[in-house]
Each structure stands twice: as structure tokens, then as C-alpha cells.
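Colleague: compute the structure for the input listed below.
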Amino acid sequence: MAGVSVQSDSAAWLFPGLGCRYVGMGYDLIGRFATADNLISAAQSRLAFNIIEVCLEGSGRKYVPARQEAQVIYVLDCAYAAVLRERGCNPRIIAGHSLGNLAACFAAGAYDFLTGLELVTRVEDLMEELIDGRDQAMGVVIGLDDRAIRDLLQAVPGTFLANWNSPLQYVVGGFATDVDRVLRMALECGAKQAKRFITERAIHTPLMADVAARFSETLATVNWNDLRTPLVNSQTATVLRTAAEIRHFLGGFLSQPVHWQATVQAILSGWGRQFVEVGPGNLLTSMLPFIESTATARTASDVLDQKVQL
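Modeller: Here you go, the predicted model:
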């Protein structure tokens with residue numbers, strides 16, 4: 001939204017998860033802000049790959065393994081948040097989309113950076129251990145309403161609504177052959193787009209129940225803090241403030257659907273109409289006009305460019 005000034009210290013911060021990655025992400029952080037470089041360096045000391053190479057070159061390709069994608073997005077989300085705070089920007093409220101919740105919890109003060117990195121890695125460990133990727137899939141449907149999506153899912157057992165992203169964008173997940181059938185049927189019903197994601201995991205569906213249960217055991221070992229900034233539960237669109245609330249939320253978020261439209265509407269109803277996407281790109285802010293056309297959206301890169309010019 002060109003020409004609109006965003007006061008980032010009065011905005012809600014939104015943290016993206018998987019799907020926001022692109023080759024070149026983090027270009028405006030890496031080598032430019034010591035705070036970001038320090039976090040990246042700390043993460044690289046724990047991980048067996050070069051984060052900067054994955055960000056700027058994509059390891060020579062546009063696709064990277066799911067584990068690396070999750071870890072890199074977490075690191076960059078946190079780096080953007082740390083740099084924004086260092087430059088005097090503070091959110092009124094925070095929300096995370098899918099695995100973006102792990103960076104959102106760091107930014108809200110629930111735990112430290114390396115603890116969050118360990119949690120991201122643990123999620124990936126559990127998925128690799130417990131999920132047979134050949135059996136699961138996810139896909140996006142654009143252009144059908146809620147009623148039409150529900151009718152399709154009811155007609156195809158083994159599929160679930162994973163994300164309510166906006167009034168005409170939904171993510172479905174489930175067993176791979178069933179998801180493919182739903183996507184074909186969606187196109188036959190007039191969807192503008194219906195395609196599979198590059199993933200073999202049905203995140204935010206009941207097929208993640210075993211992963212969620214084991215992840216809850218890990219969460220019991222974490223040292224939690226009450227939040228310094230409130231966070232919206234993207235399952236229920238309720239506001240969380242305590243360590244106990246955050247732990248309970250994260251214990252179920254892998255197997256429960258994302259109600260992103262309701263999350264944004266909850267922020268709009270009580271926390272203002274300004275949003276900053278704290279991470280690489282504009283995946284979440286690009287959805288906002290479809291939820292509320294009068295909302296004001298910027299990316300973290302936009303805000304940093306404004307601040308640098310001051």
C-alpha cells in the first residue's frame with residue numbers, strides 16, 4: 001500500500017511460517033545489522049548448514065529440505081523482530097501463522113532465541129520420525145467460499161480444513177490421494193486455483209496428533225516466561241498472556257486448524273488496524289486486503305527502510 005505511513009510501535013506484528021521462503025530473503029538484514037548477524041551466527045553454531053547460503057542462494061536451488069526451511073524462517077523471523085525492537089519499534093500485539101508461532105513466542109518473550117530454535121528442530125525431528133510423507137499432502141483452494149469447501153471435505157473422508165486464511169482462500173490437508181481428489185473437485189466447482197503445496201505433511205490436521213502429543217512432552221521441559229507482549233492464539237482468536245497459556249497453545253497447534261481470518265479480525269476489533277509482517281516477504285500482509293480492505297500493512301523490510309532514512 002504505497003504512500004501510507006505505518007507507525008510500527010502501534011502495529012500488530014505478524015510472523016509467517018512455511019511458504020514465505022524465497023531465494024534472496026534476508027538480503028536487507030545480513031551484513032547490515034549486527035543484531036541480526038549475531039542471531040544468525042548463534043543459529044549456525046547449532047545447525048549443520050550455512051544459513052546465509054540458504055537465504056541468499058538457496059543452496060543452488062529454489063527448494064530446500066523442510067527441516068532447513070523451518071529453521072531458516074524461524075531465524076529470520078526472530079532476526080527481523082530483534083532488529084525492529086533495537087531500532088525502537090515495539091508491537092501492540094503479536095500473532096503467528098502456523099510454524100511462525102514459534103518465532104512469535106520468542107518475540108513475545110515466552111523463551112529465548114536458542115530455545116525456540118530447538119523447538120523448531122524438535123518439530124522437524126518428530127515429523128521425520130512419525131510421518132510417512134508418501135501418505136500426506138496439503139493444498140490451497142482459492143475462489144470458493146466456506147460452505148463450498150466444507151461440502152467438498154465432507155464428500156471426501158480423509159481430508160480436513162487446515163487453514164482459514166481469508167474469505168476465499170483455504171488450505172486443505174489429509175491423505176495424499178484424498179487431497180488430490182478434493183483439489184480436482186474444487187476446480188470443477190469453479191475455484192480460481194487449487195493446487196498442492198510442496199510438502200508431504202498434513203500440518204494442522206488430526207493426522208498430526210502423534211506429533212503434537214510428543215511435542216507436548218518436549219514443551220514440558222522448557223523454561224517459560226509470561227509474555228511481555230500479548231499474543232493471539234491462531235486456533236481460537238483469543239489473547240494469551242501467561243506462560244501456561246502459551247504452553248497449552250503450542251501443545252496443540254500442530255494438529256489444530258489455523259483460523260487466520262478470525263485471528264486478524266480479533267486484532268482489528270481491539271488492537272488497531274496497522275500490521276507489520278515480521279519475516280521475509282509479504283505472504284501474510286498480501287492476505288490482509290481480502291480480510292479487511294481498510295487495514296494498513298507493511299513488511300519488516302518496509303519499516304526498516306523507513307527507519308534507516310530517518
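Colleague: C-alpha only now, for contacts and for neighbours.
Modeller: Noted.
Colleague: ok, R214 - how many residues close by?
Modeller: A total of 15 residues lie near R214 under the criterion other CA atoms under 10 Å.
Colleague: got the contact list for it?
Modeller: Residues in contact with R214 (CA atoms under 8 Å, 6 or more residues apart in numbering) are L126.
Colleague: where's it, which helix or strand?
Modeller: helix 209-219 (DSSP states H and E).
Colleague: run the chain-centre distance for the longest helix seen in the chain.
Modeller: Taking residue count as the measure and DSSP state H as the definition, the longest helix of the chain comes out as helix 66-86. Centre-to-centre, helix 66-86 and its host chain are 11 Å apart (CA atoms, centre = their mean, to the nearest Å).
Colleague: what sits up against that helix?
Modeller: Applying CA under 8 Å, 6+ apart, the set of residues contacting helix 66-86 from outside is 15-18, 20-21, 26, 29, 33, 35-36, 39-40, 43, 51, 54-55, 90, 99-100, 102-104, 106-107, 113, 117, 120-121, 124, 199, 278-280, 300, 304.
Colleague: among these, which are located in helices?
Modeller: The subset of these located in helices under the criterion DSSP H comprises 35-36, 39-40, 43, 51, 54-55, 100, 102-104, 106-107, 113, 117, 120-121, 124, 300, 304.
Colleague: with only the CA atoms kept, save the helix holding R214 in PDB.
Modeller: This file holds the C-alpha atoms of helix 209-219, laid out as PDB (Å, rounded to 0.1, in the frame of the first residue of the first chain):
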ATOM      1  CA  ALA A 209      -2.000 -35.900  16.600                       C
ATOM      2  CA  ASP A 210       1.000 -38.200  17.400                       C
ATOM      3  CA  VAL A 211       3.500 -35.400  16.600                       C
ATOM      4  CA  ALA A 212       1.500 -32.900  18.800                       C
ATOM      5  CA  ALA A 213       1.500 -35.400  21.700                       C
ATOM      6  CA  ARG A 214       5.200 -35.900  21.600                       C
ATOM      7  CA  PHE A 215       5.900 -32.200  21.100                       C
ATOM      8  CA  SER A 216       3.800 -31.500  24.200                       C
ATOM      9  CA  GLU A 217       6.300 -33.700  26.200                       C
ATOM     10  CA  THR A 218       9.200 -31.500  24.900                       C
ATOM     11  CA  LEU A 219       7.300 -28.400  25.900                       C
END
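Colleague: pLDDT on that helix, on average?
Modeller: Computed over helix 209-219, the mean pLDDT rounds to 97.
Colleague: next: stretch 122-142.
Modeller: Averaging the model's pLDDT scores along stretch 122-142 yields 91.
Colleague: how about stretch 77-92?
Modeller: 95.
Colleague: would you indicate which residues of it are buried?
Modeller: Neighbour counts over stretch 77-92 (16 or more other CA atoms under 10 Å) mark D77, C78, A79, Y80, A81, A82, V83, L84, C89, N90, P91, R92 as buried.
Colleague: the last one and L268, how far apart?
Modeller: With the distance defined as CA to CA, to the nearest Å, R92 ends up 12 Å from L268.
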